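Asker: with the sequence up front, the predicted model follows.
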Amino acid sequence: MTDDAAARGARRRERTRSTVLEAAERLVSQRAPEEIRVEDVAAEAGISAASVYVHFGTKDALLAAVTERVLGVATETLRAAYAADVSPLERFAGIGVAYLRLLLDHPVVVKYLTVTGERGPRTRIEAEVVERFSELRCEFEQSIREAVESGAIRRVDPELMSFFLFSAWNGVAALALRRDALALDPARVEATVTESGLVLLAGLIPPSPAD
């Protein structure tokens, strides 16, 4: 096999793997893992079940790969927002925008956090999700602390504020997953969080000396 042929084969395998992971992620955001079959993922991805097995081996390995992929995206997204070279106030606001975008683009995150919050983690994968998001919540707390210490926002308890905002974002984003009269489509979820965020910021920004 030539180098070009090998490279094309590798790209094709990577595309198939990505397609399967995206299909599995969509299904996990809609159903309990035990209700999902490899055949369901294959149908969602538009490929054969045999191809799914070739790439992942088992259903458990596939679900673990979905979690690893989502955690990687979440960590990269939020840590980029935490490290943004902007003012503490802009960073504080930017984290909210980044987290909401993550929840809307990857609703499986909301599903993971809701399920583990209701009954506690029962598997290694669920425990990993809780551990990683606990770390990210702590990093958000530090960003709030920096905003307070710089005088960009009023003096608040950074830990309590981080828990409040974390739960508020997750709770509103969860409305997009509902299948009843309380459901909101993603666009309205985004509008809801944006509007409430502006109100929150107005209350957190200290008055200027002239005021």
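Answerer: Now that the structure is in, tell me what you want to look at. Numbers count the residues shown, from 1 in each chain.

Asker: please work out how many residues are found near V156.
Answerer: 15 (other CB atoms under 10 Å). Placement of C-beta: from N, CA and C, glycine included.

Asker: now it: phi and psi?
Answerer: Dihedral angles of V156 (phi, psi; degrees, to the nearest 10) stand at phi -130, psi 170.

Asker: residues of stretch 162-171 that come out buried?
Answerer: 162, 165-166, 169-170 (16 or more other CB atoms under 10 Å).

Asker: what about the strands in the protein?
Answerer: Using DSSP state E, no strands are found in the chain.

Asker: domain map for it?
Answerer: Per the record, the chain has its domains at 1-57, 67-204, by automatic domain parsing.

Asker: got a markdown table for the ones you listed, with mean pLDDT too?
Answerer: Shown next, in a markdown table, are the domains of the chain (pLDDT from 0 to 100):
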| stretch | mean pLDDT |
| --- | --- |
| domain 1-57 | 87 |
| domain 67-204 | 92 |
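
Asker: and stretch 179-191, what's buried?
Answerer: Buried residues in stretch 179-191 (16+ other CB under 10 Å): 184, 189-190.

Asker: go on, stretch 127-140?
Answerer: 128-129, 132-133, 136-137, 139-140.

Asker: got it, and stretch 191-204?
Answerer: Buried, per 16+ other CB under 10 Å, within stretch 191-204: 193, 197, 200, 204.

Asker: pick out the most distant pair among those.
Answerer: The distance between the two most remote of these (CB to CB) is 15.4 Å, for V193 and L204.
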